[in-house]
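A.B. asks: sequence-free structure coming up:
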């Protein structure tokens, strides 16, 4: 059973044995298990017959049990110098580091009031809004990985740890950014639900540290029993990709998006801010009928609506009390007294929102809102599903549709523009590029960071006009429900491209770009 405070999962002996069989080929002079718990990997490593084994564990009860298999140092991994402080009888020879560090983030430990955290330091050099919104949050296992590499790099160990797949990718990315000496890496997926009873994407991540080496790609195996790699992930041209081979065919698309992607509205109070509408009556999710100012209630789509193609927002509504982050909401009671009364009634829920971004902000404030939120047309995608399906979305009557923060979108002024953008994003070229970049095992596989990497101008140059016309026409008719003559379906795309700077082969002035794009699209 996991220890919630320290975030550990004791490794079942059969799983430890499988891991040791994978990494145990050859002769290891020494085996070290950090945060060893009850010593499952020390026990399994006895079959390798190393010259010496050591464990490191903070908790007394666990350390005593693990000593049945090898000497165990009882200390905090965050305080010890692993390269110099371990009591090896002979600190030379080949070293295998194997184990299962805690599966918990530093913020989760902080919420639990645990003191078992590394010294406060910005190991990824994040600051400002990144830290506020959670980008600076990292898994304890990630810190342990980086500490092991830093402390032991002179001994050139092979490090094999069970961890979340996002931890493995973060470690590989950090190693590439800081030129850490990685010689080889492999990732084997494991079934965390079967072994630990948790629904999280996890793996055995194996890294060989080698002085002077700078290899930041990683062989990816679908299971511990797989002997043939399915693909190669890793850092290519300074960026993480999910399929290095497929990436070669679309790497020219990996650049900077000519449009800014936006995330949907963040409010962290769905029971209060999200409502139901049957065409006549506005209600809360528990059935309380409301009469609120329509100026502050908008049709809403969530990620599943977008993914399933339900682009007509006829059943869900969201209260939007402000139009920008700069609004102080001090006059909301005057502008929308019914909305103010309703939110005040639910004040405890709104005031109890846990995210630090609401601190020292106006009461009832939301995030992810700006003029882009109220554009009449948009192209949206779910951030949570394991396929990138882009949908063109139009207004309900004269009221624009908004999204919750599980979605990302591009605003557009006209239906033709939305259809053109949708065509680019759903094109075979763009979808292949996304497949080479996205990690579908992630909790949120589609992110703003990924979308901003897609150079849609490059997609336009690489995609046939026939495919774009067909996709744009489909978006107009099936998603926006606007009939359009076939000759006009690319007009919106031409308008958009005329405003983009394609950075290299397309001239820089607006009139020249317009002519160049029109020529490229055979207008």
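C.D. replies: Great, that's in hand. Keep in mind that what you see is a predicted model, and the values were worked out from it rather than measured.
A.B. asks: all contacts plus neighbour counts: C-alpha atoms, from now on.
C.D. replies: Fine.
A.B. asks: tell me the secondary structure for the residue nearest the centre of the chain?
C.D. replies: Geometric centre of the chain, nearest residue: residue 444, 4.6 Å, by C-alpha atoms, centre = their mean. Secondary structure for residue 444, judged by DSSP: H, G, I helix; E, B strand; the rest coil, is coil.
A.B. asks: Not counting its neighbours along the chain, what's nearest it?
C.D. replies: The shortest distance from residue 444 to any non-neighbouring residue, by C-alpha to C-alpha, 6 or more residues apart in numbering, is to residue 384 (4.7 Å).
A.B. asks: where does that neighbour land on pLDDT?
C.D. replies: Looking at residue 384, its pLDDT is 96.
A.B. asks: Same question for the one 3 residues further on.
C.D. replies: Turning to residue 387, the model gives it a pLDDT of 95.
A.B. asks: what about it, which SS state?
C.D. replies: Three-state assignment for residue 387 (three-state DSSP): coil.
A.B. asks: and it, what is it in contact with?
C.D. replies: residue 440 (C-alpha atoms under 8 Å, 6 or more residues apart in numbering).
A.B. asks: Distance check, it against residue 160.
C.D. replies: 31 Å (C-alpha to C-alpha, to the nearest Å).
A.B. asks: Mind jotting down where the strands sit in the stretch 101-250 of the chain?
C.D. replies: For the stretch 101-250 of the chain, strands defined by DSSP state E, counting those that start in this stretch occupy the ranges 158-164, 182-190, 202-209, 217-221, 231-236, 239-241.
A.B. asks: So which elements touch the fifth one?
C.D. replies: Going back to what we said before, that points to strand 231-236. Other helices and strands packing on strand 231-236, by 3 or more C-alpha pairs under 8 Å, 6 or more residues apart in numbering; DSSP states H and E, are helix 165-177, strand 217-221, strand 239-241, helix 244-250.
A.B. asks: And those: which comes nearest residue 281?
C.D. replies: The closest of the helices and strands packed on strand 231-236 to residue 281 is helix 165-177. By C-alpha to C-alpha, the value is 43.9 Å.
A.B. asks: what distance separates the closest one from the middle of the whole chain?
C.D. replies: Centroid separation for helix 165-177 versus its chain: 13 Å, with C-alpha atoms, centre = their mean, to the nearest Å.
A.B. asks: Okay, buried residues for that helix please.
C.D. replies: Buried positions in helix 165-177, judged by neighbour count with 16 or more other C-alpha atoms under 10 Å: 165, 166, 167, 168, 169, 171, 172, 173, 174, 175, 176.
A.B. asks: ok now do the residue of the chain most remote from its centre, which residues does it touch?
C.D. replies: No residue in the chain sits farther from the centre than residue 89, which is 43.7 Å out by C-alpha atoms, centre = their mean. Contact analysis of residue 89 by C-alpha under 8 Å, 6+ apart lists residue 52.
A.B. asks: Using the three-state scheme, assign it.
C.D. replies: Assignment for residue 89 (three-state DSSP): coil.
A.B. asks: ok, now residue 279?
C.D. replies: Taken by three-state DSSP, the conformation at residue 279 corresponds to coil.
A.B. asks: residue ranges for the helices of the stretch 1-150 of the chain, please.
C.D. replies: Secondary structure of the stretch 1-150 of the chain (DSSP state H, counting those that start in this stretch): helices located at 13-23, 40-45, 60-66, 106-111, 129-133, 140-152.
A.B. asks: Go through those and pick out the most buried.
C.D. replies: helix 40-45 (a mean of 24; mean count of other C-alpha atoms under 10 Å).
A.B. asks: still on that earlier bit, which phi and psi values does the residue farthest from the centre of the chain adopt?
C.D. replies: The phi/psi pair for residue 89 (degrees, to the nearest 10) reads phi -70, psi -40.
A.B. asks: Now mean pLDDT too, for the strands of the stretch 101-250 of the chain, in a markdown table please.
C.D. replies: Shown next, in a markdown table, are these (pLDDT from 0 to 100):
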| stretch | mean pLDDT |
| --- | --- |
| strand 158-164 | 97 |
| strand 182-190 | 96 |
| strand 202-209 | 97 |
| strand 217-221 | 96 |
| strand 231-236 | 94 |
| strand 239-241 | 92 |
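A.B. asks: For the ones you listed, give me CSV that also has distance to residue 85 and mean neighbour count.
C.D. replies: Formatted as CSV, the strands of the stretch 101-250 of the chain follow (distance: least, C-alpha to C-alpha, whole Å; neighbours: other C-alpha atoms under 10 Å):
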stretch, distance to residue 85, mean neighbour count
strand 158-164, 18, 25
strand 182-190, 23, 22
strand 202-209, 19, 24
strand 217-221, 31, 22
strand 231-236, 33, 20
strand 239-241, 34, 20
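A.B. asks: So which of the ones you listed is nearest residue 457?
C.D. replies: Once these are compared by C-alpha to C-alpha, strand 239-241 is nearest, at 19.8 Å.
A.B. asks: Can you list the helices and strands that the closest one packs against?
C.D. replies: Judged by 3+ C-alpha pairs under 8 Å, 6+ apart, the packing partners of strand 239-241 are helix 165-177, strand 231-236, helix 428-437.
A.B. asks: right, and residue 34 touches residue 96 too?
C.D. replies: No: between residue 34 and residue 96 there is no contact under C-alpha atoms under 8 Å: 11.0 Å.
A.B. asks: ok, back up a step: indicate which one of the helices of the stretch 1-150 of the chain is closest to residue 421.
C.D. replies: helix 129-133 (28.5 Å).
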